[in-house]
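Engineer: What would the 3D arrangement of this be:
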Amino acid sequence: MRWIRLLSLSLALAGCGPAQAEVEDLPLADYVRVDKSERVLTLYSGGKPYRTYQGLQLGDAPQGHKRFEGDEKTPEGVYSIDYRNPQSAYYLSLHISYPNATDTQFARSRGRSPGGAIFIHGQPNWLPEGRLPGDWTDGCIALENNEIAELWQLVPDGTPIEITS
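Structural biologist: Sure thing, here's the model as predicted:
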């Protein structure tokens, strides 16, 4: 009996105990909303918000819609989470379907690339703990590692994501 208590305590201290049970009790998201100005990501199920993540980190130039590769802006609009990358250079990543046809047409009409590889992800894998300060991505949305681990479980591929300014 003592070993069970020790195992439970070890799992709780490692972040694998109650947090895991808590996520298992939550519904899968059917909609994700990101408010860039408030730096908040909210998960919805059945039209109702049920989980919020604050303190998002964005691209180095967070104001305005992403237009071109290298502008370091985070896109705005309605996209979807279309695949996930467990082997990312950042702790887990969920790909956002940017650019759409409108984004591509706008950039190409100006002789530019719209860019791509926009993800919601955790912190860089080389960072042993904590989080980098400020905005540092090239247009992605960064969370703490424990938060992206939770999103990984709650946001299925195909989920719509709306990103607002």
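Engineer: Helices of the protein, residue ranges please.
Structural biologist: Secondary structure of the chain (DSSP state H): helices located at 2-13, 18-24, 101-109, 145-154.
Engineer: Compare these and say which comes out lowest on pLDDT.
Structural biologist: Across these, helix 2-13 has the smallest mean pLDDT, namely a mean of 34.
Engineer: Can you find the helix or strand in this structure with the smallest mean pLDDT?
Structural biologist: Among the helices and strands of the chain, helix 2-13 carries the lowest confidence by mean pLDDT, DSSP states H and E, at a mean of 34.
Engineer: Can you pull up the most central residue in the protein?
Structural biologist: Ile120 (2.6 Å; C-alpha atoms, centre = their mean).
Engineer: what's the angle between the lengthiest strand in the chain and helix 145-154?
Structural biologist: Assignment by DSSP state E gives strand 77-85 as the longest strand of the chain. Relative orientation of strand 77-85 versus helix 145-154 (axes from the mean of the first three to the mean of the last three C-alpha atoms, to 10 degrees): 100 degrees.
Engineer: Parallel or antiparallel, list what pairs with strand 77-85.
Structural biologist: strand 93-96 (antiparallel), strand 160-164 (antiparallel) (DSSP bridges).
Engineer: Show me how far stretch 124-135 is from its chain's centre.
Structural biologist: Chain-centre distance of stretch 124-135: 15 Å, with C-alpha atoms, centre = their mean, to the nearest Å.
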